[in-house]
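1. everything below, folded, please.
(chains A and B)
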Amino acid sequence: MAAPPPADERPLVMLAQALFPEFAAALAGRYRFALLADADAAAADEARALLVGGLPRVTAQHLGVLPALKLVACTSVGVDHVDLDACRSRGLSVTNAGAAFAADSADYAVGLLVAVLRRVAAADVYVRSGRWAADGDYPLTTKVSGKRVGIVGLGNIGSRVARRLAAFGCAVSYHSRSPKPSAPYPFVPALRDLAAGSDVLVLSCALTDETKHMVNRDVMEALGKGGVLVNVGRGGLVDEPELLRCLRQGVIGGAGLDVYENEPAVPPELLAMENVVLSDHRAVLTPESIGGVLEVVIANLDAFFSGRPLVSPMEL
Amino acid sequence: MEDTTPSADERPLVLLGQPLFPEFAAALAGRFRFVLVADADAATLAQGRALLIGLNPVTDDHLAALPALGLVAGISVGVNHVDLAACRRRGIAVTNAGAAFAVDTADYGVGLVVAVLRRLAAAEAHVRAGRWAADGDYPLTTKVSGKRVGIVGLGNIGSRIARRLAAFGCAVSYNSRSPKPSAPYEFVPAVRDLAAGSDVLVLSCALTEETRHVVNGEVMEALGKDGVLVNVGRGGLVDEPELVRCLQEGVIGGAGLDVFESEPDVPPELFSMDNVVLSAHRAVATPESIRGTIELVAANLDAFFAGKPLLSPVEL
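-> Down below sits the predicted model:
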């Protein structure tokens, strides 16, 4: 990458919220930053790019104070926290993290899947509490290999989940907005049918108006009492109160959850369940991924300011 | 399986080293006449050509009491509890569980690799203790994809672990008694060198006199402070007190352990470590595997009594 320009030639980038320290350190020499909440009128008028670090809400109102805005650059994959309708109607470009997080999310989704089916975390607790010596073996748990896996969303993350699980001898099918002709897995047009034909349902799609609460009671009943739900997408993809009911009533067999409707609030009922593996929205959080996202963000901002095509533009 | 139960007195006699596990008894009782060695009269002991064993040791003295013995049929993959040299001397064949457990062990081994590197169990504990809302995110953990993995023992289990981790984009190398020309991975003649060139060392080999304590202080120092050890073989492959010391002092970065030197005793120092995932020797414990093993044991016994080649003989 080219050397950073001298200080007063650095382009102005507005920040939706303060950057993580690693980001700030890596980007400080290349761009001039102003925080949206504190920006003076001159900066607000000048800013052509808005960098959204983390997952703060970015509304039409926020966008409205930036008349020169042309680019909204996000550091996440999911952009449901940004008012995309407002971006579209103003003709803004939106970029996301592209494939920078994809491998880590896929790794984690598979880790959650194995952990739920084989009770890895629960067995760890069992041993640590001295129950192996006292109470004998932990009960049998069901085999992972050969399970039928339905993946919702076969993008960067979903396709990597598929590849990993295929190596476990799992039979993979998928559901998405439209079929991917190049994918070697069967496409299932209706989510409910995908659930009915799967032992495990993995959610790795974007949260939009169409996909909100797509996993509802009907889908969970189709997944069935031996079925397991793994969510590394967004909490909003699942009707959470209904999920709790279905787990409590044994309508489904278990769940691996990295995301929730109201993070960091985790429904307390889940804490008592052994057939659930919980994590704190960290599927992507490795130093390697964060380094990767930095590169994507820099590449997008550099491209934008030099009038070249964006690296990871989203279709709005 | 079709009902081919011969009339009671035509069933072949099979001596038992210890009572059958209930699943085995239920499935096999109609096909063979089982007599516990401890309960058998002199005539029965003198006649017995096949001995079905469990996990209790089988010594030369046990074998000496069975002059007609031609087969020791095991229900596990590891047969280090059987005096194989004595079997060889006496011309007794030994069968094990073959590949019946291989898939589940491989699944679990990979589950442990992801769980240790991505701190799945520790993060779960973080969430369950309510620390996400109170203390914020669990810290970053390192990426799985692309890690260099060294596998010790590339048999039924090791080759399946390799295939799964290759799908995660890991670079796989291996050590075994002799190179496997058909394997697409690099063979490394010395375990210490394999450790030096790996981020993760996975043990999936048999416990023999040659492999006892193959992972010692020197190997762990070669593996290094960010290196992770995963053991789904036998506890005796690792110098356990040395492992505890290396973890305490940060000589290695973490471990996923399904097996220990004196099960069910687990070194209590491990209970407080976040970078360790423990499990109660359950990598194989799925109903699917047990059914598969029962079928394999029955098939070995049938083959033996029909004078046909054994399905899963152990090389003595």
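
2. whichever residue of the stretch 151-300 of chain A sits closest to chain B: what's it in contact with?
-> Nearest residue of the stretch 151-300 of chain A to chain B (CB to the nearest CB) works out as residue A:167 at 3.3 Å. Heads up, the C-betas are built off the backbone N, CA and C, glycines and all. Residue A:167 makes contacts with B:163, B:164, B:166, B:167, as judged by CB atoms under 8 Å, 6 or more residues apart in numbering or on different chains.

3. let me know the closest of these to residue B:49.
-> residue B:163 (38.5 Å; CB to CB).

4. check the offset of the one helix or strand that closest one maps to from the chain's centre.
-> Using DSSP states H and E, residue B:163 sits within helix B:156-167. Distance of helix B:156-167 from its chain centroid, counting by CA atoms, centre = their mean, to the nearest Å, is 15 Å.

5. what of stretch B:197-210?
-> That offset, for stretch B:197-210, works out to 12 Å (CA atoms, centre = their mean).

6. with stretch A:290-301 instead?
-> 17 Å.

7. output the contacting helices and strands for the lengthiest helix in chain A.
-> Counting residues, the longest helix found in chain A (DSSP state H) is helix A:287-305. Applying 3 or more CB pairs under 8 Å, 6 or more residues apart in numbering or on different chains; DSSP states H and E, one finds that helix A:287-305 makes contact with helix A:21-27, strand A:49-52, strand A:71-74, strand A:93-95, helix A:102-117.

8. the fourth one - contacts with which helices or strands?
-> What it means is strand A:93-95. On a contact count with 3+ CB pairs under 8 Å, 6+ apart, strand A:93-95 meets strand A:71-74, helix A:287-305.

9. mind redoing it with 10 Å?
-> strand A:49-52, strand A:71-74, helix A:84-90, helix A:287-305 (3 or more CB pairs under 10 Å, 6 or more residues apart in numbering or on different chains; DSSP states H and E).

10. what's in contact with the first one?
-> Okay, so that is strand A:49-52. A:11-17, A:19, A:23, A:27, A:31, A:33, A:36, A:58, A:62-63, A:66, A:68-76, A:79, A:81-82, A:87, A:92-96, A:297, A:300-301, A:304-305 (CB atoms under 10 Å, 6 or more residues apart in numbering or on different chains).

11. now the residues you listed: which count as buried?
-> A:11-17, A:19, A:23, A:27, A:31, A:33, A:36, A:58, A:62-63, A:66, A:69, A:71-76, A:79, A:81-82, A:87, A:92-96, A:297, A:300-301, A:304-305 (16 or more other CB atoms under 10 Å in any protein chain shown).

12. and chain A, what are its domains?
-> A:7-100+A:287-311, A:101-278 (the TED database).

13. all the helices of the chain, residue numbers only.
-> Chain wasn't specified; assuming chain A. Going by DSSP H, chain A shows helices at A:21-27, A:41-46, A:60-64, A:84-90, A:102-117, A:120-128, A:131-135, A:156-167, A:191-196, A:217-223, A:240-248, A:268-271, A:287-305.

14. you answered for a different chain; I wanted chain B.
-> Under DSSP H, chain B gives helices at B:22-28, B:42-47, B:60-64, B:84-89, B:102-117, B:120-128, B:131-135, B:156-167, B:191-196, B:217-223, B:240-248, B:287-305.

15. give me the most central residue, chain A.
-> By CA atoms, centre = their mean, chain A has its centre lying nearest to residue A:233, at 4.2 Å.

16. residues contacting it?
-> A:77-78, A:80, A:105, A:109, A:152-153, A:157-158, A:202-207, A:211, A:214-215, A:258-259, A:283.

17. which of these are close to chain B?
-> A:109, A:258, A:283 (CB under 10 Å from any CB of the partner chain).

18. could you flag which of those are buried?
-> Using 16+ other CB under 10 Å, the buried members of the ones next to chain B among the contacts of residue A:233 are A:109, A:258, A:283.
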